[in-house]
Structure formats: C-alpha cells, structure tokens
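[1] Predicted model follows, preceded by the sequence.
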Amino acid sequence: MSVMSQDAKVVAPAATTGQALRLFAERRRSFWVVLSLLVLFTAWEIAGRVPISFAFPTFLDTLAAFFEMVGDGSMIRAFFLTLQPLVLGVAVSALLGIALGIVMGLSDRMEWLLAPVFIVLQAAPMAALVPLVTFVYGIGLVAKTLAVIMLALPVIVLNSYKAVRHVNPSLVDMCRSFQGNRRQQIFKIIIPDASPVLFAGLRLGVAAGFIGVMLAELLITPTGIGDLITYHRSVANYAHMYAAVAAIIAASTLTLAALQWFETNVMRPEKRRS
C-alpha cells in the first residue's frame with residue numbers, strides 16, 4: 001500500500017503539470033506565436049551569417065534596412081501606391097463575389113451559368129494572363145485593380161457558393177414551417193449559417209488579392225512595393241529588397257489576422273475563447 005501511494009503521489013504532480021501545460025498552450029496562443037517568430041528570426045540570422053548565399057542578408061541587416069526606408073519615407077510612399085489597387089480590387093471582389101456566390105448557391109441555373117467560368121478563372125495561370133490586361137487597359141490603376149480582381153474574385157465566389165450549398169437544410173425547413181418567406185430564409189437562416197465559410201473565403205480572397213497586386217507591380221509596371229523590390233534587386237541592395245518583401249508579407253499576415261479577429265469577436269462572439 002505504501003509503494004502504491006508513493007506512485008500515486010508521483011503520478012499526480014506529473015498529471016497536474018501536464019494539464020497546466022495544456023491549458024497554457026490553449027489559452028496563451030500569443031506566447032507560441034512569439035516563440036515561433038523568434039525561432040524563425042534566429043534561423044534567418046544564422047543563415048545570413050553562414051552565409052547560405054551572398055544575396056541573403058541577415059535578419060538584423062534587413063530590419064535596419066526596413067527602418068531606414070521607413071525613416072526616409074520610401075516605404076510609406078510605396079505602401080500608399082500598393083494599397084490603392086489592392087483596396088479597390090478586394091472591395092469589388094468581396095461585394096461582387098459574395099453576392100454572386102449566394103446567387104449561385106440559391107439558383108441551379110446561375111450555378112450552371114457561372115460556376116464553370118469561375119472554376120476556369122481559378123485554375124488559369126494568372127501570371128500569364130496579367131500582362132494581357134496591359135494591352136487593353138494600359139499600365140495604370142485600372143489594370144492593377146483588374147489583376148487583383150482576377151485573383152481574388154474566383155476564390156470568394158466559389159467559397160461563397162459552397163457555403164450556401166452546405167447550409168443545414170433542417171434550418172431552412174424550420175424557417176419554412178414557421179411561415180418564413182424567401183427573404184427571411186436568406187437573411188435570417190442561410191447567410192448566418194454560411195458565415196463561417198463566407199469569412200474563410202473572404203480571407204482567402206484577400207490573400208489572393210495581395211498576390212495579385214504584387215504580380216501587377218512586378219509584371220505590369222514597377223510601382224509601390226514592387227518598385228522597391230525591383231530597384232534594390234537591380235542595384236544588389238539585398239537587405240532593402242528583403243525588407244520590402246518581408247514588409248508586404250507582414251502586411252498580408254496582419255490583415256488576415258485582423259479579419260479573423262473581426263469574425264471571432266464581432267460577427268461570431270460565441271466562438272471567442274474564454
């Protein structure tokens with residue numbers, strides 16, 4: 001009995017410690033995010049000091065180059081130019097894409113008419129199609145906005161369409177049994193139940209929009225962040241080039257995180273972590 005009681009005393013603290021670590025991991029997600037970033041930046045610094053390539057700068061050199069470009073205003077001006085087609089393209093894609101996706105999900109005829117078009121657009125090699133836009137719309141803001149729409153719109157449309165098609169049919173039947181009309185079915189049942197997938201499609205569309213705007217700035221005409229990348233690559237100023245690349249990646253990541261926070265805390269507070 002004494003040996004068993006001692007074993008139980010040893011196991012109990014271990015179980016308690018394991019539960020505490022599991023709860024810490026679940027509730028302190030920010031700690032693991034910071035830890036993963038520290039590991040990434042440390043590996044980046046080591047790879048730059050080895051070096052793995054003469055064109056690969058260290059993380060500290062890249063960080064210094066970023067603050068230098070922020071200080072002289074070039075980074076801020078570049079983001080201002082990049083955000084113009086990005087915001088316009090994503091806004092048009094979100095409004096039009098969600099509306100078309102809902103219509104396709106509700107109507108078989110619209111599905112047959114529009115679904116093949118957007119499936120082809122999603123599968124098409126956009127890097128090859130983006131330069132064709134310049135032959136029609138030139139190299140201005142319209143061409144870059146269309147490049148963003150070409151990548152973001154199919155993703156949002158197809159995700160919205162699938163979201164509506166996978167709405168729980170029992171909820172629609174319940175609304176119908178309570179004499180709910182078609183408008184009430186759509187706005188009270190279908191859209192709220194499809195909102196998780198709608199927001200997932202919106203996040204994917206925003207990510208595709210960032211890809212589209214960078215393709216436009218690198219393939220159509222070098223402006224904004226694309227101009228910084230092109231220029232500093234041409235003069236072999238690799239720390240500044242990597243700083244520009246890292247800046248647009250960080251902006252995309254923060255935007256997607258903000259959308260997820262908005263969904264969790266504003267649109268679906270029941271999913272918020274306690």
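    Structure's in. What do you need?

[2] How many residues are close by residue 58?
    When neighbours are counted by other Cβ atoms under 10 Å, residue 58 registers 19. The C-beta positions use only the backbone N, C-alpha and C, and glycine is treated the same way.

[3] what sits against the nearest residue to it once chain neighbours are set aside?
    Closest residue to residue 58 apart from its sequence neighbours, by Cβ to Cβ, 6 or more residues apart in numbering: residue 48 at 3.2 Å. For residue 48, the contact set (Cβ atoms under 8 Å, 6 or more residues apart in numbering) comprises 56, 57, 58, 59, 61.

[4] Could you count how many residues lie near residue 195?
    Residue 195 - counted by other Cβ under 10 Å - has 14 other residues nearby.

[5] Off-centre distance for stretch 59-76?
    Centroid displacement of stretch 59-76 relative to its chain, using Cα atoms, centre = their mean, to the nearest Å, is 24 Å.

[6] Would you mind listing the buried residues in it?
    Neighbour counts over stretch 59-76 (16 or more other Cβ atoms under 10 Å) mark 59, 61, 62, 63, 65, 66, 69, 74, 75 as buried.

[7] could you give the mean pLDDT of it?
    Averaged over stretch 59-76, pLDDT sits at 90.

[8] What of stretch 228-246?
    Mean predicted lDDT for stretch 228-246 stands at 89.

[9] which of the residues in it are buried?
    228-230, 232-233, 238-246.

[10] Please tell me how far the residue nearest to residue 106 when sequence neighbours are not counted sits from residue 215.
    Of all residues not flanking residue 106 in the chain, residue 164 sits nearest, at 6.3 Å (Cβ to Cβ, 6+ apart). Noted for residue 164: a distance of 30 Å to residue 215, by Cβ to Cβ, to the nearest Å.

[11] same check, this time on residue 112
    31 Å.

[12] Over to residue 43?
    28 Å.

[13] The two: which is more packed in?
    residue 215 (21 against 11).
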